[in-house]
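In: With the sequence up front, the predicted model follows.
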Amino acid sequence: MLAEQGDPHRLAALAALASAAVLAILSIDIVVSQFPRGLIVLACLVIAFAAVWYGLTRTGGARLLGSGIAILAVAAIVAVLIADGDHFAQALVIVVGLGLMLLATRSAFKIHVPLHPAPDPRHPVLFYNPKSGGGKAEKFHLAEEARARGIEPIELKLGTDLEQLVRGAVADGADALAMAGGDGSQAVVAMVAAEQGLPYACIPAGTRNHFALDLGVDRDDVIGALDAFVGGRERLVDLAEVNGGVFVNNVSIGLYAEAVQREGYREAKLRTILDTLPEALGPEGKGLDLRWTGPGGHEHSSSAAILVSNNRYRLGRAIGSGTRPKIDDELLGITIASAPVAGRRLFQRPWREWSAPAFEVDADGPIAAGIDGEAVTLDPPLRFRILPAALRVRIAAAHPGASPSAAMPGGAWETLLALARIAVRGTPKRSRPSSR
């Protein structure tokens with residue numbers, strides 16, 4: 001049955017498809033009527049399309065990069081078309097068409113999942129790191145806003161043991177826990193909440209807030225996230241652990257993990273990673289003496305990096321650059337990145353990935369790792385396992401409730417097909433997250 005005419009997702013899909021069709025017809029006309037100059041316009045238009053897609057499917061700096069490349073490509077198209085002053089209208093149609101296609105496509109796949117209603121807690125407690133995210137807690141007056149909602153704020157001071165602080169609050173009667181800070185701190189509070197069966201809220205007051213993004217929390221609405229405990233909704237998500245320690249995002253072993261162990265990493269992250277590259281990947285590189293079993297049951301050793309994540313990432317051009325479409329799939333995401341090999345085809349992916357409920361990595365000595373971005377050293381073997389539906393997450397009713405990639409198709413062709421389906425049927429049917 002067709003969706004109602006006023007369905008915003010359907011209208012956005014129709015606008016995106018119409019814009020794409022106009023651009024395709026116009027580009028063919030330009031190539032034919034202005035050959036060979038039209039080929040330059042076509043090439044720039046293809047680059048702009050690719051850059052727009054890249055920006056659509058990524059966040060943060062990667063999205064800005066895609067947008068920047070698209071702008072440069074469009075600028076080149078405009079310069080070519082108006083060089084002789086006769087094709088200004090065509091240039092204007094291309095600029096408007098690309099912009100409309102981008103905005104309409106994002107709107108068509110904009111997600112808001114209706115989560116399960118849950119009663120407000122009687123004694124919710126918020127733990128917050130005043131230094132995290134460049135001082136977001138102070139900037140947004142987080143403690144005052146929490147008190148106004150009946151949430152007790154507890155500041156995390158330098159040298160305080162967060163886990164002890166959380167367990168103390170539970171012993172004093174806390175019946176819901178929230179954390180405003182980095183993902184390493186989120187893991188600690190989430191671990192205790194899962195152990196105690198208490199609802200948990202992720203407040204996006206850290207620097208990158210990857211966990212919040214994949215949970216479906218609006219990272220730009222720090223104060224609104226507190227409404228998770230005021231008329232909020234609930235969903236169950238997975239956690240993961242390595243050697244008994246819980247993590248919410250991922251554990252990295254290899255290039256990134258070696259870099260975060262080095263002195264001066266936090267002050268000069270890029271420089272430190274570049275200094276690590278020759279040792280990990282170069283011809284004189286010692287590599288990683290790691291052993292693991294692949295999905296086919298065969299034993300392997302050595303690699304440039306291993307990434308084990310709480311649910312599978314949608315990978316881009318760099319390991320871990322994407323988001324997780326689901327965080328309740330009950331499986332670890334496992335990615336093995338290989339060092340450069342002579343004879344490898346130019347476009348062959350330098351990694352392999354699969355999913356499994358458990359995974360083990362062995363070595364002959366301690367292993368440097370980055371757990372949710374924090375540098376640690378672990379004794380082998382590293383035993384990873386998923387903790388299915390371990391955490392009761394509360395999310396503000398106004399927030400998306402699912403990862404931005406939950407509704408986004410995996411490729412450009414799949415996106416066109418998905419837009420066509422939305423244009424015909426209206427808002428796509430999405431599975432409701434699990435709940436007790």
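Out: Perfect, thanks for sending it.

In: contacts, neighbours, all on C-alpha from now
Out: OK.

In: In the chain, which residue is most central in space?
Out: When C-alpha atoms, centre = their mean is applied to the chain, the residue found nearest the centroid is T323 (2.7 Å).

In: Can you check the pLDDT for it?
Out: pLDDT recorded at T323 is 81.

In: in what helix or strand does it lie?
Out: Per DSSP states H and E, T323 falls between elements, in no helix or strand.

In: doesn't Y313 make contact with it?
Out: Yes: with contacts counted by C-alpha atoms under 8 Å, T323 reaches Y313, the gap being 5.4 Å.

In: for the stretch 251-400 of the chain, what spans make up the strands?
Out: Secondary structure of the stretch 251-400 of the chain by DSSP state E, counting those that start in this stretch: the strands cover 290-293, 299-301, 305-310, 332-337, 351-356, 358-363, 367-371, 374-378, 382-395.

In: let me fix that: the stretch 101-250 of the chain
Out: Along the stretch 101-250 of the chain, the segments classed as strands by DSSP E, counting those that start in this stretch run 116-117, 124-128, 152-155, 176-180, 199-203, 233-242, 245-247, 250-254.

In: Most tightly packed of those?
Out: Ranked by mean neighbour count, the strands of the stretch 101-250 of the chain are led by strand 199-203 with a mean of 30 (mean count of other C-alpha atoms under 10 Å).

In: Determine how far that one lies from the middle of the whole chain.
Out: Relative to the centre of its chain, strand 199-203 is centred 18 Å away, using C-alpha atoms, centre = their mean, to the nearest Å.

In: Nearest to A240 among the strands of the stretch 251-400 of the chain would be which one?
Out: With C-alpha to C-alpha, the closest approach to A240 among the strands of the stretch 251-400 of the chain belongs to strand 382-395: 4.4 Å.

In: Mind checking the pLDDT average for that closest one?
Out: 98.

In: what angle sits between it and strand 233-242?
Out: Here strand 382-395 runs at 170 degrees with respect to strand 233-242, directions being taken by axes from the mean of the first three to the mean of the last three C-alpha atoms, to 10 degrees.

In: Export strand 382-395 to PDB, keeping only CA atoms.
Out: Extracted C-alpha coordinates of strand 382-395, given in PDB (Å, rounded to 0.1, in the frame of the first residue of the first chain):
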ATOM      1  CA  LEU A 382      43.200 -12.100  24.700                       C
ATOM      2  CA  ARG A 383      39.700 -13.700  25.000                       C
ATOM      3  CA  PHE A 384      36.900 -11.600  23.500                       C
ATOM      4  CA  ARG A 385      33.200 -12.300  23.800                       C
ATOM      5  CA  ILE A 386      30.000 -10.600  23.100                       C
ATOM      6  CA  LEU A 387      27.500 -10.000  26.000                       C
ATOM      7  CA  PRO A 388      24.100 -10.100  24.200                       C
ATOM      8  CA  ALA A 389      21.400  -7.700  25.300                       C
ATOM      9  CA  ALA A 390      23.400  -6.900  28.400                       C
ATOM     10  CA  LEU A 391      22.600  -3.200  28.800                       C
ATOM     11  CA  ARG A 392      19.300  -1.400  29.300                       C
ATOM     12  CA  VAL A 393      19.800   1.900  27.500                       C
ATOM     13  CA  ARG A 394      17.500   4.900  28.100                       C
ATOM     14  CA  ILE A 395      17.300   7.400  25.200                       C
END
